[in-house]
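Student: let me see the structure of the following:
(one chain, ligands or ions: 1)
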Amino acid sequence: MRNALHFLVIWLAALAILVGAAWFSLSHTTQAWFDKDLALRSELAVSGARSALLQDLEQGRDANLTPLLEDIARDERILGAAVCSGPRVVAATRAWPRELSCAELGGHLVAVGRPIPSWNSSLPLPGGEVHVSAITLNRGVPTAGFAVVVHDLSFVARREASTRQFLLAAFAILALLASAVTLLSVRILWRGFGHALRQLASGQDDSRRREFQPLLKDLRDLLERLSREEQAELQGGLWSPERLKLTLQRHLHGERMIVMANREPYIHNRQPDGSIRVLHPASGLVSALEPVMRACSGVWVAHGAGSADRETADMRGRVRVPPGEESYSIRRVWLSPEEEQGYYYGFANEGLWPLCHVAHNRPIFRAEDWRHYQEVNRKFVDAVCDEVDGENPVILVQDYHFALAPRMLRERLPGATILTFWHIPWPNPEQISICPWHAELVDGLLGSSILGFHTQQHCNNFMDAVDRFLEARLDRGAFSVARHDRTTLVRPYPISVEWPNHWAQGAPTPEECQAAVRAELGLPLDAKLGMGVDRLDYTKGIEERLRAVERLFEREPEWIGRFSFLQLASPSRTLIDRYQRLNDDVEQLVNRINERFGTGDWKPVILRREHTEPADVFRYYRAADLCYVSSLHDGMNLVAKEYLAARSDERGVLILSKFAGAAHELTEALQVNPYDIEEASGALSTALHMPPQEQAARLRVMRSLVAEFNVYRWAGRMLIEASRLRSREQIAGILSSSQPGLKVPR
Ligand code: ADQ
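Tutor: Below is the predicted model of the structure:
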């Protein structure tokens, strides 16, 4: 477009020069033409009265001359006329300009040394310019007397002015026409160019490849360079908070990061004694995202669910966190009990949660809950928009609570980079279609720049859903979806934990933890300890885990009194029937096992049905000989990775369900099918018998993997890919300003 403007400016300049030249030559020509015309007119005016004038002059009838001259001067453009005899004015009309001297005019008639019949010239007089014609009455003999005719030249000036106006108007019209024609032809050319390039890029027409070769090469070089930079960026040493911060600055110009998540990382609760306590919620999303926010700063928009949340926040619901460090803000969104019931408990946790997990619990979908889900998504989007302070914010939309938000955000903030992460599995199209609003969910997510899942399988399932339920252009090779002129990249980003983990760093040494925790639980120092850490959720396989422990005691009674299992179970979604039932079922199961195998004060299973602060969870991790993660289906499961992060002593065994996303990465864990109680109890036995060297060897491999693929790398990868997508879109935007949806060659 800039080239088109250049072209237009040059074109207008050329036109102006052309018109100037035309004007110059035209005014010269017209001047000459006027001079000639006036000389002729004077000659004609005099010729009719010439003989009478000569006779009267020769015979001295001067009085007769004046009427004859008045007759000549009747033409409105003739100012005056006179008859001269030598230097003397013999007779003249009334308006004859007295400044004109007959002597001088007569002199001109013989200026070249011999008499000439007439002399013409324009002369400046005080009243304006005049044209003077001196004509001899007796042809060629000026001494016989001559007539002088003076023409007023002001009409010539008038004519010139109107000619100039006409020329200017013609120039303006011509310029306008030229601009319109130029713009139209540039547009047509650009369209044709864009169309040809699109055909070429999509492989529909290869005939013009040679023509576009240089441009395609430049584009390919540029994209390859971006890709190389991205690869180099991802490799090269461990990811740390500082490196993540640098990545944000370098790739996304340090844009402020805004996280949209249902759960807040710090909950202010009023205690029974009136004091306010800050709680760290048991949530995998929070465990992963909080270190990222501490590194990047920005705003975390979340539901203000704590009993003292309002009084600790300002008028806009903002509070600086972490307490004492205050590196970022939480922006609390207030929900009514009806909204929380419909959006959170209803649609998200009775509908989507069981729908996405293969845990054999029927999802429930209610129209009323859907309405609240839509409204709350909008409410959160309003809060995010309120926090945005630039044109290209980086917004991290988190989880199944906000499937509609990316589209809503995209409509309101077209320049935003929207990174959406779905923390739970994405099922196959048959399963997702159970939700009456499945198409709306898929479309909502496609408002994202990048949509992340934990595993490739979840990405495949999502692509299949788009294919089945929406009109969109899928690129299965590039794992991208183009819809409404925007592209969404669908990518696996296995989530992780911070490394080094700040809770583990602050915890006592593993030896100290082992002694302290055994003392706390009333166990002998040499007792073996197993543990499970979960929100009390039916997808985590807590009952299956406890049955495996029970089966171990059945199969290997020698562990009675020598092995205990600590289950930390944080109450979760307690207003939902299914969770209340689970709570009761777990309690009954623990009681049954403890009744069967307990002796005296010793209990085979210790159930802590309460929230445990992360620092304590890490003390328990360090004290436990084994950790059993038995999810029936899990997006990732961060407990497995946290256990590895805590074991700096390279002791302990991880038993891991093969249905947790983490099983794809942690292949050195003892992997089990949690439904297979025999297999799982066998793994417990193997873990208890595993020699320290084997424990160390397995842990070393898995710990180095978690260290390398930590949560900073997880976030960094997404940010780098987002910036690459931005660059791509900018290139595509340049090429397709008149051809939306142009696919840039890879
Ligand atoms: P969750 O199912 O919440 O999240 P999970 O990965 O199991 O997450 O992590 C739970 C987190 O809560 C851990 O940080 C753990 O330490 C903590 N926690 C659990 N029980 C606790 C207790 N009793 N007391 C204190 N803390 C406790 C979802 C998906 C997962 C995915 C995460 C992150 O379901 O599959 O791994 O998001 O993407």
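Student: CA only for contacts and neighbour counts going forward, please
Tutor: Fine.
Student: helices or strands up against the helix or strand encompassing residue 293?
Tutor: Per DSSP states H and E: residue 293 is located in helix 284-296. Counting contacts by 3 or more C-alpha pairs under 8 Å, 6 or more residues apart in numbering; DSSP states H and E, helix 284-296 is packed against helix 241-252, helix 711-735.
Student: which one, of those helices, ends up nearest to the ligand?
Tutor: helix 711-735 (10.2 Å; C-alpha to the nearest ligand atom).
Student: what's the average pLDDT for the closest one?
Tutor: What helix 711-735 shows for mean pLDDT is 84.
Student: hmm, back to that, which SSE is immediately downstream of the helix holding residue 293?
Tutor: Assigned by DSSP H and E, the successor of helix 284-296 is strand 298-303.
Student: give me the angle between that next one and helix 284-296.
Tutor: 150 degrees (axes from the mean of the first three to the mean of the last three C-alpha atoms, to 10 degrees).
Student: by contact count, what packs against strand 298-303?
Tutor: strand 257-260, strand 328-333, helix 367-387.
Student: can we see that at 7 Å?
Tutor: strand 257-260, strand 328-333 (3 or more C-alpha pairs under 7 Å, 6 or more residues apart in numbering; DSSP states H and E).
Student: from the centroid of the chain, which residue is nearest?
Tutor: residue 415 (2.9 Å; C-alpha atoms, centre = their mean).
Student: for that residue, what are its contacts?
Tutor: 391-392 (C-alpha atoms under 7 Å, 6 or more residues apart in numbering).
Student: distance of it from the ligand?
Tutor: 27 Å (C-alpha to the nearest ligand atom, to the nearest Å).
Student: check residue 472 too.
Tutor: In terms of C-alpha to the nearest ligand atom, residue 472 sits 28 Å off from the ligand.
Student: residue 100 too?
Tutor: For residue 100 relative to the ligand (C-alpha to the nearest ligand atom), the value is 107 Å.
Student: how many other residues sit next to that residue?
Tutor: 15 (other C-alpha atoms under 10 Å).
Student: highest average neighbour count across the helices and strands packed on strand 298-303?
Tutor: strand 257-260 (a mean of 25; mean count of other C-alpha atoms under 10 Å).
Student: close to the ligand, is the helix holding residue 293?
Tutor: Yes - for helix 284-296, a contact with the ligand is found by C-alpha under 6 Å from any ligand atom, at 284-285, 287.
Student: not counting sequence-adjacent ones, nearest residue to residue 303?
Tutor: With C-alpha to C-alpha, 6 or more residues apart in numbering as the criterion, residue 303 has its nearest non-adjacent residue at 4.8 Å, and that residue is residue 333.
Student: let me see the contact set for that neighbour.
Tutor: Contacts of residue 333 (C-alpha under 7 Å, 6+ apart): 302-304, 317, 380.
Student: can you rerun that using 10 Å?
Tutor: 262, 301-305, 310, 316-318, 376, 379-380, 382-384 (C-alpha atoms under 10 Å, 6 or more residues apart in numbering).
Student: what is the burial count for residue 337?
Tutor: Residue 337 has 9 nearby residues by other C-alpha under 10 Å.
Student: over to the one 5 residues further on?
Tutor: Counted with other C-alpha under 10 Å, the neighbours of residue 342 add up to 25.
Student: and the closest residue to it other than its chain neighbours, what's its pLDDT?
Tutor: Excluding its sequence neighbours, the residue lying closest to residue 342 (C-alpha to C-alpha, 6+ apart) is residue 369, at 4.1 Å. Per-residue confidence (pLDDT) for residue 369: 98.
Student: so residue 369 makes contact with residue 437?
Tutor: No - counting by C-alpha atoms under 10 Å, residue 369 stays clear of residue 437, with 11.6 Å between them.
Student: which one's more surrounded, those two?
Tutor: residue 369 (24 against 13).
Student: and the more buried one, how close does it get to residue 573?
Tutor: As defined by C-alpha to C-alpha, to the nearest Å, residue 369 lies at a distance of 16 Å from residue 573.
Student: also residue 163?
Tutor: For residue 163 relative to residue 573 (C-alpha to C-alpha), the value is 89 Å.
Student: try residue 496
Tutor: Distance from residue 496 to residue 573, counting by C-alpha to C-alpha: 24 Å.
Student: neighbour-wise, which of those two wins?
Tutor: The residue with more neighbours, out of residue 496 and residue 573, is residue 496; 30 against 16, by other C-alpha under 10 Å.
Student: tell me which element the more buried one falls in.
Tutor: Residue 496 belongs to no helix or strand when assigned by DSSP H and E.
Student: list the contacts of it.
Tutor: 284-285, 287-289, 454, 636-642, 662, 706-715.
Student: how does it look with 7 Å?
Tutor: 288, 638, 709-711, 714.
Student: same thing with residue 385?
Tutor: Counting by C-alpha under 7 Å, 6+ apart, residue 385 has no contacts.
Student: what do you get if the cut-off is 10 Å, keeping everything else the same?
Tutor: Applying C-alpha under 10 Å, 6+ apart, the residues contacting residue 385 are 258, 379, 393, 409, 412-413.
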